[in-house]
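Colleague: One predicted model, sequence on top.
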Amino acid sequence: MEAKVVRSKRKTLSLTVTREGEIVVRAPYRMSDEAISAFLQKHAQWVEKRLKSVAAMQKLDLSDGALVTLFGSAYTVKSGRAHIGEGVLALPEEGREAALARLLKKFALEVMTRITERIAARYGFSYRAVRISSARGRWGSCNSDGVIAYTFRIAFLPPALCEYVAVHELAHTVVFSHSAEFWEIVEAILPDWKARRKALKSDPCIEFL
């Protein structure tokens, strides 16, 4: 397994796989090559899984006539003033990726606010606000003030997975950690949460051109 080794004054080893599929090990200056090799072998299964995920990353086709699925519904791309509606995703001729990102921030806020409100009302959760971010590393988050944030990229997930993310973040308004009590709350609402969580982890990232 070939990997790029970056040495520094750090005290521990770390392992990452970039979006370009490069394996990078960050190691202390004095760490031996043998120790680094053993570290790589120990995490070989994780690296393989991550490489497959990177290979599956989708480059969005935003040409006229292409289909883009948002929240489980298909939209046909066409040229025009940027908007989403009635099965159409209209984008300008130039700067389509940036225009789509702007649209999705508004669209995701509408949809995820609706989903979050519905679940909170039904199960008695209390939260402060719903916001949309541009995060890449996580689908959602909840801070100690009860503000729930979803990445606009959540729009590419099917409704069942969006619901799981919402339940997950709402559960954090009650239990901030991932303790047994936290998962009991999630399971009481979504008995199949493990299957949804697995599907969420296997869902490829959406990468803009």
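Modeller: Structure received. Residues are numbered from 1 along each chain as shown.

Colleague: Helices of this structure, residue ranges please.
Modeller: 33-42, 44-56, 96-123, 159-171, 180-189, 193-202 (DSSP state H).

Colleague: Tell me which of those sits nearest to S63.
Modeller: For those, proximity to S63 was assessed by Cβ to Cβ; helix 96-123 is nearest, at 8.7 Å. To be clear about C-beta, it is placed using only N, CA and C from the backbone, and glycine gets the same treatment.

Colleague: Okay, domains of the protein per the record?
Modeller: Listed domain ranges for the chain are 4-56, 95-207 (source: automatic domain parsing).

Colleague: weakest of the helices of the chain by average pLDDT?
Modeller: Averaged per stretch, pLDDT over those is lowest on helix 44-56, reaching a mean of 81.

Colleague: can you state the direction angle for that one and helix 33-42?
Modeller: Here the directions of helix 44-56 and helix 33-42 differ by 70 degrees (axes from the mean of the first three to the mean of the last three Cα atoms, to 10 degrees).

Colleague: so helix 44-56 versus helix 193-202, what angle?
Modeller: Put simply, helix 44-56 runs at 70 degrees to helix 193-202, going by the same axes, to 10 degrees.

Colleague: So which bits of helix 44-56 are buried?
Modeller: 47, 50, 53-54 (16 or more other Cβ atoms under 10 Å).

Colleague: which non-adjacent residue is nearest the residue most central in space within the chain?
Modeller: Centroid check for the chain by Cα atoms, centre = their mean gives W139 as the closest residue, at 3.7 Å. In space, W139 comes closest to V165 once its chain neighbours are excluded; the distance is 4.7 Å by Cβ to Cβ, 6 or more residues apart in numbering.

Colleague: repeat for W183
Modeller: Per Cβ to Cβ, 6+ apart, closest to W183 is W193, 7.7 Å.

Colleague: hang on, that neighbour packs against V165?
Modeller: No. Counting by Cβ atoms under 8 Å, W193 sits too far from V165 to count as a contact (10.9 Å).

Colleague: out of the two, which sits in the more crowded spot?
Modeller: Per other Cβ atoms under 10 Å, whichever of W193 and V165 has more neighbours is V165, with 24 against 18.

Colleague: what sits against the more buried one?
Modeller: Residues in contact with V165 (Cβ atoms under 8 Å, 6 or more residues apart in numbering) are 139-140, 150, 154, 157, 200.

Colleague: same thing with F182?
Modeller: Per Cβ under 8 Å, 6+ apart, neighbours of F182: 171-172, 174-175.

Colleague: Kind regards, and thank you for your time.
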